[in-house]
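1. Sharing a sequence plus its predicted fold:
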Amino acid sequence: RMETDCNPMELPNNTGFEEDSNYRDFEGTDVKDMRLEAEAVVNDVLFAVSNMFVSKTLPCAEDVAYINVETRERNRYCLELTEAGLRVVAYDFDQTDDRLQTPYHETVYSLLDSLSPAYREVFGNALLQRLEALKKESQS
């Protein structure tokens, strides 16, 4: 039996922040606040990284927010969150490097999966534990 650092019942039920229909408004009348979006992203995956928080020094706006993340491998990144998705904008907290041309990821899960093997392992183990708990629940 594998051990994880989180309670599998605390795993998010949703598969990604971009699927929340409350935030989708194709009329353009309702603009989502990226800081709130960034906080939701952090809360979804904090259990699987060493540290993650919305930047207090880089400017947040309706269309952009910055998230600092330290992986379990102790690598630091600054992520940019926009309507296009998430991407690495620097290899340290609270920084942006305009020369960095990194790809956008639709979800924080796919971004972290590409950056951190330890994230992948912790997230996979937590998912496994949750599935086992659901299986037990359905058998009782």
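-> Looks like it came in fine. The structure displayed is predicted, hence computed values, not measured ones.

2. What strand or helix carries residue 112?
-> helix 108-115 (DSSP states H and E).

3. now swap in residue 42 and tell me
-> helix 34-45.

4. residues in contact with that helix?
-> Contacting residues not belonging to helix 34-45 are listed as 12, 14, 17, 23, 52-54, 60-67, 81-82, 86, 108-109, 112, 119, 123 [CB atoms under 8 Å, 6 or more residues apart in numbering]. (Each C-beta comes from the backbone N, C-alpha and C, glycine too.)

5. does the closest residue to residue 103 other than its chain neighbours sit in a helix, a strand or a coil?
-> Sequence neighbours aside, residue 87 is the residue nearest to residue 103 in space, at 6.4 Å (criterion: CB to CB, 6 or more residues apart in numbering). Secondary structure, DSSP: H, G, I helix; E, B strand; the rest coil: residue 87 is strand.

6. which residues does residue 87 bridge with?
-> Beta-bridge pairing of residue 87 under DSSP bridges involves residue 80.
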